[in-house]
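A.B. asks: Fold the following.
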Amino acid sequence: MIDKLFPLDKNYILRQAQYVLEEELMDQMVYELKRSYTFHYNPLRLMDQTYERILDTFDFPTDRIRMIYRQLCGIYRFKNKDNQLELLFDGRSHFDKFKEDWEAGFIAWIQELGQHEQYVKTMLRMTLLYDTESRAEWAENHCKAFINQYFELKIVKRQGELRLKVG
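C.D. replies: Numbering: from 1, shown residues only. Reported below is the predicted structural model:
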């Protein structure tokens, strides 16, 4: 399950919804990454070696993209701290509502992030254009830093715990 990223990270229903959608939304991240690459670097969709590799790659280490997904999960919970359950009159459970809200918010975020070349380049380096572990690790660290900067967050280490804080 996803670890607590800040002291009031207690929206367990949302965390569970994020965990259930993890694989599906990681696939969506890769799909949006391919779209972003095409938009930025190959709008004419000319088939060169790199573009063909990006489109044809489906097998790559997922541990790094999983870390980015979980970072975005934590940021979403941090920005939507209110865990007071609202009254639902449409017959859905809170779990289903949180799943829908998270999925819509997540897709909007990765589309926004995909407009930034730094995000696209680092995500490609650790997924579709993966070549060495050291480059993937470098890309992951830069991607995390970019995401924290984009959402204006700082991670503060106190008493052995990492905590999110608005910058």
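A.B. asks: From Leu85, how far off is the residue most central in space within the chain?
C.D. replies: With distances taken as CA atoms, centre = their mean, Tyr69 lies nearest the centre of the chain, 3.4 Å away. Counting by CB to CB, to the nearest Å, the gap between Tyr69 and Leu85 amounts to 25 Å. To be clear about C-beta, it is placed using only N, CA and C from the backbone, and glycine gets the same treatment.
A.B. asks: Just to check, the residue nearest to the centre of the chain is in contact with Glu24?
C.D. replies: No - between Tyr69 and Glu24 there is no contact under CB atoms under 8 Å: 10.6 Å.
A.B. asks: which secondary structure element contains Glu23?
C.D. replies: Using DSSP states H and E, Glu23 maps to helix 22-41.
A.B. asks: could you say what helices and strands that helix packs with?
C.D. replies: helix 49-56, helix 63-79, helix 94-113, helix 117-126 (3 or more CB pairs under 8 Å, 6 or more residues apart in numbering; DSSP states H and E).
A.B. asks: so which of those gets nearest Tyr19?
C.D. replies: Nearest to Tyr19 among the helices and strands packed on helix 22-41 is helix 63-79; the distance by CB to CB comes to 8.3 Å.
A.B. asks: Identify all contacting residues around the closest one.
C.D. replies: Residues from elsewhere that reach helix 63-79 (CB atoms under 8 Å, 6 or more residues apart in numbering): 2, 5-6, 9, 11, 14-15, 18, 22, 25-26, 29-30, 102, 105-106, 109-110, 123, 126-127, 136-137, 139-140, 143-144, 147, 151, 153, 164.
A.B. asks: 7 Å instead?
C.D. replies: 2, 5-6, 9, 11, 14-15, 18, 22, 25-26, 29, 102, 105-106, 109, 126-127, 136, 140, 143-144, 147, 151, 153, 164 (CB atoms under 7 Å, 6 or more residues apart in numbering).
A.B. asks: Could you do stretch 118-130 as well?
C.D. replies: Residues external to stretch 118-130 that are found in contact with it (CB under 7 Å, 6+ apart): 30, 33, 36-37, 40, 53-54, 57, 60-61, 64-65, 113-114, 135-136, 139-140, 142-143, 146.
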